[in-house]
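K.L.:
would you be able to build a 3D model of this:
(4 chains)
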There are 4 protein chains.
Amino acid sequence: MRTVTVGVLGSGTVGQDVLNLIERRESVFSDLGVRIEISGVLVRDVNKVRDVPLGTRVTTDLGFLQECGVVIEAMGGVDRPLEMLLPYLRSGRPVITANKALLAERWDVLRDYALAGTLYYEASVMAGTPVIGPMSTVLRASTFTRLQAVLNGTCLYILNQMEGGKNYADALAEAQALGYAETPPTLDVGGFDTAHKLAVLARFCADGNFPYSAVEVQGIEDITQKDIQDARAAGERIKLVAELERQGSGWRATVAPQRLPDNHPLCTAGASRNALVYEGEECGMLIFAGGGAGGMITASAMVGDLLDLLIGFPGHVPLH
Amino acid sequence: MRTVTVGVLGSGTVGQDVLNLIERRESVFSDLGVRIEISGVLVRDVNKVRDVPLGTRVTTDLGFLQECGVVIEAMGGVDRPLEMLLPYLRSGRPVITANKALLAERWDVLRDYALAGTLYYEASVMAGTPVIGPMSTVLRASTFTRLQAVLNGTCLYILNQMEGGKNYADALAEAQALGYAETPPTLDVGGFDTAHKLAVLARFCADGNFPYSAVEVQGIEDITQKDIQDARAAGERIKLVAELERQGSGWRATVAPQRLPDNHPLCTAGASRNALVYEGEECGMLIFAGGGAGGMITASAMVGDLLDLLIGFPGHVPLH
Amino acid sequence: MRTVTVGVLGSGTVGQDVLNLIERRESVFSDLGVRIEISGVLVRDVNKVRDVPLGTRVTTDLGFLQECGVVIEAMGGVDRPLEMLLPYLRSGRPVITANKALLAERWDVLRDYALAGTLYYEASVMAGTPVIGPMSTVLRASTFTRLQAVLNGTCLYILNQMEGGKNYADALAEAQALGYAETPPTLDVGGFDTAHKLAVLARFCADGNFPYSAVEVQGIEDITQKDIQDARAAGERIKLVAELERQGSGWRATVAPQRLPDNHPLCTAGASRNALVYEGEECGMLIFAGGGAGGMITASAMVGDLLDLLIGFPGHVPLH
Amino acid sequence: MRTVTVGVLGSGTVGQDVLNLIERRESVFSDLGVRIEISGVLVRDVNKVRDVPLGTRVTTDLGFLQECGVVIEAMGGVDRPLEMLLPYLRSGRPVITANKALLAERWDVLRDYALAGTLYYEASVMAGTPVIGPMSTVLRASTFTRLQAVLNGTCLYILNQMEGGKNYADALAEAQALGYAETPPTLDVGGFDTAHKLAVLARFCADGNFPYSAVEVQGIEDITQKDIQDARAAGERIKLVAELERQGSGWRATVAPQRLPDNHPLCTAGASRNALVYEGEECGMLIFAGGGAGGMITASAMVGDLLDLLIGFPGHVPLH
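P.N.:
Numbers count the residues shown, from 1 in each chain, chains lettered A, B, ... in the order given. This is a model prediction of the structure:
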């Protein structure tokens, strides 16, 4: 039985659920001959009450990074986690993250680590639904042609409420009240979170160096009740769709509201599920759907990455 | 650039498509620093015209196995491929196969090789739709609770035709005429092909030693137009469903026709797609759908397995 | 070309030579696809003039350890390096060291890391003469029976000078003046340095848990001119010999002056060479000899360890 | 406990000793989690009585190669073993061999396999004395300058007998009677066996593509009693010396009788031991000596290679 030391950056919902899930799945780790030891959990306030396993060492001091064989980044943000992780990454040690903003916006710095197989980020797109794993491995046998996806739960919720008759402002307010949307909500409703995720996917399907800035982004802020009802009348629904397809010798990546027929897989996936349609010349059309957010759903993918790492799989390697 | 020698057993539709896809994706292999060399293709009749890359060495002599670093089994059957593969497998070399009958029925012999990571079989269930990869890796972080799946294209086609008004015998005859169903069609319509696939899945989700004989199987032969119309009237459809869930301290695996609501993911996946609903305590409900048969769709998963193998991933390891 | 970050603790003769040799052998590293980047060199005084490659970052701040993929420990001492290395070692990262005192005396703490293959220490015994590599690998095929070795250069020098007619005190003073012996010289002339090395070897040959305290140690302080001349008269020479052999069901490890015939391999190895005679039931008697000290000789083994690590070899794993 | 299947080609003294040693060291293999299964032993005559473990499957049929995860070649010769091994080698499976003639003379065919790490041949030079392991790994940190070696036991014996007063013809006849020299003895006394070994070493020290034909060879057939006595009178001895050193921008490799001072390491190594002096700019002069022939001594290195392979070390990779 070997001991593997794990550090966690951040202890919001996802961080807490990661810690709890690691404890809960102890037997899966022992089957691999591994005992997980939590070296430390970086928090902003050590006195805050948290739902974490008894005895977990929470601290505001990054010193424990020195002891970590793996780091799970669950803090969010872009520059703050990057600054903390960079010296650690230079040592060649692996990072597990769900942070699509970081991956999308700092790819110039992170790509070499991804190519070296030290970044694991299944959770960054569609949370617990495995799409990055397949795209970075088995699906490469097919010639990619197109993908369409619904990747943001807040927009999904708002548009769904609007179909029920609410106007945009009320639906948004409700989403905020329920904690689905942040304040300000721009990252979600402006399409930027979806665009982050699309950039991450494009690096497996289209171009390993695909820049976030190349994604054309339009949000749902201007969708009206009339738009929704016009679509319904035509047997269609409006979704915020991420789309990637060939354009000339390059690729076009867009995030924008689209009217889709009722029976389109992005519609039938249901009101609360992220969904992705992947098309390849040889594999045909594939559909993936599942919960795209939530602490434990996200944690399930991050702990899944940890298992893959311990089995000896490299991280998610983009095209090169 | 290292050379990896590959042998192919069988050159029906899948075997031919594997050979063509390996040639077509040459650049993906060179990105990995690998040149694939086909050592030989085992056929029954060397004079038959085949759609394979020019110069492919087809032969009725198994001698080329000695030179193979990887073998792709695409012949079908159970005892004949097993007999051919066993001495080869003892040497520790890897096999890629889509042969669910072989996996389901000879697990007593094959399990040790699967545990050693030398068996790759993404294509054996849902062909090109990646479910075995995720189940054998990242999804293990979640506590599995239940799966439901539609896994046989022939039954899907027949039931669909019956919804259009045909009776069972006519729908079956049509499926046979189109080449979807074999003669006799028992393997498909009797539910046994579905049961093979369920047994394969159960070894990742429930018990690494799950015996094929433990699957309770009922086919679609007795479904009548009346059954279909009764279901339609209730807003439901009949599908041949593979299901696996907890029963007491063990597991219950069944294959049987079920009435499912119109908007159930196994129904919305469409008339020609296999689909699988995976439920885990932490990851929630996940949906996978895609074409479940066809030469190139199947080949895409087998060549995908080959890529994974070359990257250094072990094969699909069941629970232990 | 991947970048591997290396940190160096200590910049005495050995540390400086390691840095220079890494630079000099740059082409050997590029052949392996590796670019070495020195993250930092820990020193006591940053202003001291050192013979190191231009631009080498010397510092008194251990912070650079966070960035290191490999650490080369060249500081000497026992508790100070251990304290610095422990958090780093917990992360699973590798250490290359020539520090036999540390290995011998803190094996209770270090053994698990050695078993995990993260400790490389070819240089700790006989410096650049490869004995630990063979003992930890290919020689395990033979049943070990006995080893005898001359492992300390200072004692070798003193005894050699005494053969030339000097008395012990003068010979020691000369060795100190030449910088061969430390002040106080107990570690060398008391046999303790030799005992450290024998303990390290015993863990590959006899018992992976062999305690340093079990080595019986006698130094050369009481050797007189008369002893030397009596031996010479009998065609023999006096050497400080480390010896390990079976005793009952266990092992006996001793360090003591011995009279050996002139033509014994430990004598013919020459006045300035360490030598080791390894006896195995199947491999017979093997002789290894070479310079056992000196900055560049030691550095050659440490940089050799670095090459082995980069090729993918695990560190030196004791018996388990 | 995983099973690894091993095939053995040839069952002369070395082959038999390999089989016996594998059985005798069973516990060393189980410590690595491995059970060795002998798939078959290729012999010329299945009825001959052999000293091998009970139940060993001896056969004249090469078919068992299909089942082998490792092959140990102990048959000697050049083209016959090569022809048998080539299809097997193409599959990427490893070979352990002591056959320096094969390595020296068919390097054009074998080099790619050696570069790929699938050839293990510690036993091919100096049998059980580990020189190829160190040269192919840790010693690469030093800049190689020169090597001198005595590598052939038959010549060593004959020259030793001549020092005792015998003439060449009598000494040779005696060596043949004792089974040390083959009939005809040209391979040994003509220097060709030594040249084979020097070519093997040159590929680690000088040039990974060093051709056997570039070794200048002179044997001991013309050495007279007078030569021997002249040398003795000058305090020297005659040895058949393999030597490799820089010449201009290339390398000069010679095998020839040389007069060496009595206290030269190649002389002090003793009458029955192979010896090698390795000089590197940084590591200084290193001396290796040990028995260079004999079934069990050779077997100890071959089983040592098997252990290294099972631990995960690549084979002996020449310079590239």
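K.L.:
and residue A:291, how far from residue A:130?
P.N.:
12 Å (CB to CB, to the nearest Å). Where C-beta positions appear, they are placed from N, C-alpha and C, glycine not excepted.
K.L.:
okay, those two: which has more neighbours?
P.N.:
Legend: neighbour count by other CB atoms under 10 Å in any protein chain shown for residue A:291 and residue A:130, higher for residue A:130 (28 against 22).
K.L.:
I'd guessed the more buried one sits against residue A:301; true?
P.N.:
Yes: Residue A:130 is within contact range of residue A:301, at 7.3 Å (criterion: CB atoms under 8 Å).
K.L.:
which neighbours do these two share?
P.N.:
By CB atoms under 8 Å, 6 or more residues apart in numbering or on different chains, residue A:130 and residue A:301 have these common neighbours: A:122, B:138.
K.L.:
for chain B, what's its nearest residue on the stretch 101-250 of chain A.
P.N.:
residue A:138 (3.3 Å; CB to the nearest CB).
K.L.:
show the model's pLDDT score for that residue.
P.N.:
Note on residue A:138: pLDDT of 96.
K.L.:
which residue is the nearest non-sequential neighbour of it?
P.N.:
The shortest distance from residue A:138 to any non-neighbouring residue, by CB to CB, 6 or more residues apart in numbering or on different chains, is to residue B:304 (3.3 Å).
K.L.:
okay, now that neighbour: neighbour count?
P.N.:
Residue B:304 has 28 neighbours, counted by other CB under 10 Å.
K.L.:
distance of the residue nearest the centre of chain A from residue A:276?
P.N.:
Closest residue to the average C-alpha location of chain A: residue A:124 at 2.0 Å, with CA atoms, centre = their mean. Separation of residue A:124 from residue A:276 (CB to CB): 13 Å.
K.L.:
same deal with residue A:97?
P.N.:
From residue A:97 over to residue A:276 (counting by CB to CB), the distance is 20 Å.
K.L.:
can you pull out the low-pLDDT segments for chain A?
P.N.:
Within chain A, no stretch has pLDDT under 70.
K.L.:
which helix is the longest one in it?
P.N.:
Longest helix in chain A by number of residues (criterion: DSSP state H): helix A:295-311.
K.L.:
tell me the domain boundaries of chain A?
P.N.:
Per the record, chain A has its domains at A:2-128+A:295-311, A:134-290, by automatic domain parsing.
K.L.:
got the contact list for residue A:235?
P.N.:
Counted by CB under 8 Å, 6+ apart, residue A:235 has contacts A:261-262.
K.L.:
still on that earlier bit, and the nearest residue to the residue nearest to the centre of chain A once chain neighbours are set aside, how far from residue B:164?
P.N.:
Counting by CB to CB, 6+ apart, residue A:124 lies nearest to residue A:100, which is 4.3 Å off, once chain neighbours are set aside. Remark: distance between residue A:100 and residue B:164 (CB to CB) = 44 Å.
K.L.:
out of the two, which sits in the more crowded spot?
P.N.:
Ranked by neighbour count (other CB under 10 Å), residue A:100 and residue B:164 place residue A:100 first, with 24 against 10.
K.L.:
which residues touch the more buried one?
P.N.:
For residue A:100, the contact set (CB under 8 Å, 6+ apart) comprises A:121, A:124-125, A:193, A:196-197, A:199-200.
K.L.:
among those, which are located in helices?
P.N.:
A:193, A:196-197, A:199-200.
K.L.:
need the three-state assignment for the residue of the stretch 151-300 of chain A found nearest chain C.
P.N.:
Going by CB to the nearest CB, chain C is nearest to residue A:208 of the stretch 151-300 of chain A, at 16.2 Å. Secondary structure assignment for residue A:208 (DSSP: H, G, I helix; E, B strand; the rest coil): coil.
K.L.:
for residue A:284, which non-adjacent residue is spatially closest?
P.N.:
Among residues not flanking residue A:284 along the chain, residue B:291 sits closest, at 4.4 Å (CB to CB, 6+ apart).
K.L.:
my guess is that neighbour contacts residue B:273. True?
P.N.:
Yes: counting by CB under 8 Å, residue B:291 does reach residue B:273; the two are 6.2 Å apart.
K.L.:
mind listing the shared neighbours of the two?
P.N.:
In contact with both residue B:291 and residue B:273: residue A:285, using CB under 8 Å, 6+ apart.
K.L.:
ok, the residue of the stretch 201-320 of chain A found nearest chain D - contacts?
P.N.:
When scored by CB to the nearest CB, the stretch 201-320 of chain A has residue A:312 as its residue closest to chain D, at 11.7 Å. For residue A:312, the contacting residues are B:312, B:314, by CB under 8 Å, 6+ apart.
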